[in-house]
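In: Build me a model:
(4 chains)
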Number of protein chains: 2
Amino acid sequence: MKVIDLAQGDSLYQPNEQLKYVYFPERGVAAILNILEDGTESEIATVGNEGVVGLPAFFGAATSSRRALYQISGTAVRVNAAAVRQETRKNGALAKTLRLYSQALFTQLAQQTTCNRLHTIKQRCCCWLLFTHDRVDGDEFGLTHEFLSEMLGARRAGVTVIAGALQRAGIIQNQRGRVTIRNRAKLEKTACECYRMIRAEFNRLLG
Amino acid sequence: MKVIDLAQGDSLYQPNEQLKYVYFPERGVAAILNILEDGTESEIATVGNEGVVGLPAFFGAATSSRRALYQISGTAVRVNAAAVRQETRKNGALAKTLRLYSQALFTQLAQQTTCNRLHTIKQRCCCWLLFTHDRVDGDEFGLTHEFLSEMLGARRAGVTVIAGALQRAGIIQNQRGRVTIRNRAKLEKTACECYRMIRAEFNRLLG
DNA sequence: ATACAATTGTGCGTTAGCGCACATTAATAC
DNA sequence: GTATTAATGTGCGCTAACGCACAATTGTAT
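Out: Numbering: from 1, shown residues only, chains lettered A, B, ... in the order given. Below you'll find the predicted structure:
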């Protein structure tokens, strides 16, 4: 059990590799990605200090078919997967919390599924910014359009256009490789309901 | 604990209602749906005899924010949610299996998320037919384009066009409110990798 | 100060899928 | 058999987003 620093892009686990550690983010944001046969990566969920990366260890699977990395640098508490497994088999407070978190993460994935099907890239972009804003200190964080477009599973050029529109609306400000949230209220209005829904469910289950 | 018959459309649980039962489908297919603020429903996952409906009971949540229903009629074993919760707290075989199933369902949701983002309706339609085919007896089952379109989160008219194309290709045959799988191999080729991926993960974890 | 590389801005033709509207066909009830 | 209703077939204009391509800008290293 150890606090470690994690920079943008640092890997937490790779597909089908033995899951050694479970991570409890303190600051920054982690992401779980799916990898398709052609190599395309797409974001499944993001995790901040409300959650944990490495649930497969809890579920009793040795590996995950996905990939996890840090997408906004910060710190996390790293725990041996074996220790987590052992502790949770006692059915104590940790097991209870991890079960409830599993349920919350289910909701997150479920909503993401729907969101990807029915909502515009602009809405989804706003959701993403809101989740990230919640999990970092301050209103500014490092983010390129290129990176964001991969997370959203969209074109970089498309994200640039949207980012420009949001900036003209006074909602965000784009610098080179950085974004600043300027008008949080407007950002929430421009996002779809998915942000609210997921937040509410986390509060209900773990708040 | 009781075996019950379930017809197409029968509800297993509703959003935010006390989860009384957990269902283990024997035959037929159940589905978990998300409901948006405007009432739109969208399919999150389907469950057959490989799985269970009512994981929130296992996770320790009294309710779910989603809805579950039977979409292809059949039978299921119905168990009291309280009994499942009690049994799983003993950390025996049931708990182990439910944990692994949770992991498998995670994969299913994750892949669905990606699929909704990146794959065509035709591909997704084929995936849906494959999963259903796996879970029913024989090659024929009751299904309207209207129903399928809601599950896929697409237009009914769009599904009709696709179903027509699949029929002309000799892959399926459309009757009124029924479909017959005619060429399973071709159907698998027309589907995206998501079908294979999810199947493989279920086999790996629970097979 | 200058070169270089990463990042962002912009345009344009193309496509999947939507919304809407209406025609047609097959099962069901009378 | 006939009427009715559920289900399917089809067309058309429209929009979001794509693929591709290239220009412009800004930070960084030398």
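In: ok, is the longest helix seen in chain A in contact with DNA strand D or not?
Out: For chain A, the longest helix by residue count, based on DSSP state H, is helix A:93-118. No - judged by C-beta under 7 Å from any atom of the strand, helix A:93-118 makes no contact with DNA strand D; its nearest approach is 9.5 Å. To be clear about C-beta, it is placed using only N, CA and C from the backbone, and glycine gets the same treatment.
In: Contacts (any at all) between DNA strand C and whichever helix or strand comes after that helix?
Out: Using DSSP states H and E, the next helix or strand after helix A:93-118 towards the C-terminus is helix A:121-135. No - Helix A:121-135 lies apart from DNA strand C when judged by C-beta under 7 Å from any atom of the strand; the minimum separation is 12.6 Å.
In: May I have the strands that pair with the following helix or strand past helix A:121-135, each with its orientation?
Out: Sequence-wise, the next helix or strand downstream of helix A:121-135 (DSSP H and E) is strand A:140-142. Strand pairing for strand A:140-142, determined by DSSP bridges: strand A:178-181 (antiparallel).
In: which of the residues in the helix or strand just after the partner strand are buried?
Out: Using DSSP H and E, the helix or strand that follows strand A:178-181 in sequence is helix A:184-190. Within helix A:184-190, the residues scored as buried using 16 or more other C-beta atoms under 10 Å in any protein chain shown are A:186-188, A:190.
In: re earlier: tell me what angle the longest helix of chain A forms with helix B:93-118.
Out: Angle of helix A:93-118 versus helix B:93-118, following axes from the mean of the first three to the mean of the last three C-alpha atoms, to 10 degrees, is 30 degrees.
In: any idea how far helix A:93-118 is from the chain center?
Out: When distances are taken as C-alpha atoms, centre = their mean, to the nearest Å, helix A:93-118 is centred 12 Å away from the chain's centroid.
In: so is the spatially most central residue of chain A in a helix, a strand, or just coil?
Out: Nearest residue to the geometric centre of chain A (C-alpha atoms, centre = their mean): residue A:46, 1.0 Å. At residue A:46 the chain is in strand, as set by DSSP: H, G, I helix; E, B strand; the rest coil.
In: How about the residues of chain A by DNA strand C?
Out: Checking chain A against DNA strand C by C-beta under 7 Å from any atom of the strand, the hits are A:144-146, A:156-157, A:160-161, A:163-164, A:167, A:174-178.
In: Narrow those to those in strands?
Out: When strands are assigned by DSSP state E, the members of those inside them are A:174-175, A:178.
In: Report the outermost residue of chain A with respect to its centre.
Out: Residue farthest from the centre of chain A, counting by C-alpha atoms, centre = their mean, is residue A:90 at 28.7 Å.
In: Could you tell me whether that residue really is in a strand?
Out: No - looking at residue A:90 with three-state DSSP, it is coil, so not inside a strand.
In: can you tell me how far it sits from DNA strand D?
Out: Using C-beta to the nearest atom of the strand, to the nearest Å, one gets 46 Å for the distance from residue A:90 to DNA strand D.
In: who's in contact with that residue?
Out: Residues counted as contacts of residue A:90 (C-beta atoms under 8 Å, 6 or more residues apart in numbering or on different chains): none.
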